[in-house]
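Peer 1: Got a sequence here, can you model it:
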Amino acid sequence: MNIISSLYKLKHETSNLREKGLLRDLKRNSPLMLMMIPGLIVLFFNSYLPMAGIVMAFQKINYDRLAFLGDWAGFKNFEFFFKTTDAWIITRNTIAYNVVFIFLGLVTSVFFAISLNELINRTLSKFYQTMMFLPYFMSYIVISYIVFALLGFDKGFVNKGILEPLGHASVNWYMEPKYWPFILTILDTWKGAGYSSVVYLAAIVNMDTSYYEAARIDGATKWQQIKWITLPMLKPMMIILTIMGFRLFY
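Peer 2: Numbering: from 1, shown residues only. The predicted model follows:
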């Protein structure tokens, strides 16, 4: 009986110590937690609140009613969708585009990161980093206007400034499906490669230089240093960013 009482007392004291420690941590970190509040509010309204809209996929669309007030349809919308030929095309395109985006983004980002690290002129390196990082902060609305200014049929720079002066007919880029796989791939790489390359560059800069010094003493070329030192040490970061790059369910 004494043993049971001692264990109960010990458990009670441990629980009290944990509560005191938690309160002490909350008090010590209260300024940091207050700083998190604006970000959490934005995250809630931009990321979590819109998730409630998934319920509309299970409702019958009725334009006479407000959203979320339609009649319940269950899985009938999904049955209708997967019976069409578009279901296979959409699924195939989603998977294929994401595979290309992730692979090409990885290769491009690592290539630019290594190239920036090898630049001797650090001023130019910082300039290139800034220019490559800038598209990441642009919204897709701004990017769509840039693309329209380049590929517009009537006044686009590619048609009016390049093709027509060379004697070629203007191309209606927006109405030709065969061009869009290349357009989407190039734009996604251009927009996202700058951010990833800066992350990879930060990882390369923080690598232990003694590995490279030992490799140079052994007579390793620059390519051998990249192949046997830089790329293997970048592997953990490459895995993390690749996982974060999956957009199959976005």
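Peer 1: any idea how far Ser115 lies from Trp88?
Peer 2: 40 Å (CB to CB, to the nearest Å). Every C-beta, even on glycine, is put in place using the N, C-alpha and C of the backbone.
Peer 1: Tell me which stretches of the chain form helices.
Peer 2: All helices of the chain, identified by DSSP state H, fall at 2-28, 30-43, 76-82, 86-118, 122-137, 140-151, 157, 180-205, 209-217, 222-225, 231-244.
Peer 1: So which of those is nearest Ser170?
Peer 2: Ser170 lies closest, by CB to CB, to one member of these: helix 140-151, at 10.4 Å.
Peer 1: ok, back up a step: relative to Ile61, which of the helices of the chain is closest?
Peer 2: Between the helices of the chain, helix 76-82 lies closest to Ile61; by CB to CB that is 8.5 Å.
Peer 1: can you give me how far that closest one is from the chain middle?
Peer 2: With CA atoms, centre = their mean, to the nearest Å as the basis, helix 76-82 stands 30 Å off its chain's centre.
Peer 1: If you rank every helix and strand of the protein by mean pLDDT, what lands last?
Peer 2: Ranking every helix and strand in the chain by mean pLDDT, DSSP states H and E puts helix 2-28 at the bottom, with a mean of 62.
Peer 1: Go ahead and name everything in contact with stretch 196-210.
Peer 2: 105-106, 108-110, 112-114, 116-117, 129, 132-133, 229-230, 233-234, 237-238, 241 (CB atoms under 8 Å, 6 or more residues apart in numbering).
Peer 1: Please repeat the previous calculation with a cut-off of 10 Å.
Peer 2: By CB atoms under 10 Å, 6 or more residues apart in numbering, the residues outside stretch 196-210 that reach it are 105-106, 108-118, 125, 128-130, 132-133, 136, 189, 214, 226, 229-230, 233-234, 236-238, 240-242, 244-245.
Peer 1: For those residues, which ChimeraX command selects only the ones that are buried?
Peer 2: Only the buried entries of the contacts of stretch 196-210 go into this ChimeraX selection, using 16 or more other CB atoms under 10 Å:
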select :105,106,108,109,110,112,113,114,116,117,125,128,129,132,189,226,229,230,234,237,238,241,245
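Peer 1: ok so, going back, for Met56, find the nearest of the helices of the chain.
Peer 2: For these, proximity to Met56 was assessed by CB to CB; helix 76-82 is nearest, at 9.2 Å.
Peer 1: which of the helices of the chain sits most buried?
Peer 2: Comparing the helices of the chain on average neighbours per residue, with mean count of other CB atoms under 10 Å, the densest one is helix 180-205 at a mean of 17.
Peer 1: tell me the angle it makes with helix 122-137.
Peer 2: 130 degrees (axes from the mean of the first three to the mean of the last three CA atoms, to 10 degrees).
Peer 1: Quickly note the distance from the residue lying closest to Tyr195 once chain neighbours are set aside to Val198.
Peer 2: The shortest distance from Tyr195 to any non-neighbouring residue, by CB to CB, 6 or more residues apart in numbering, is to Tyr136 (4.2 Å). Distance of Tyr136 to Val198, computed by CB to CB: 9 Å.
Peer 1: swap in Ala96?
Peer 2: 28 Å.
Peer 1: picking up where we left off before, Asn172: which of the helices of the chain is closest?
Peer 2: Of the helices of the chain, nearest to Asn172 by CB to CB is helix 140-151, at 9.1 Å.
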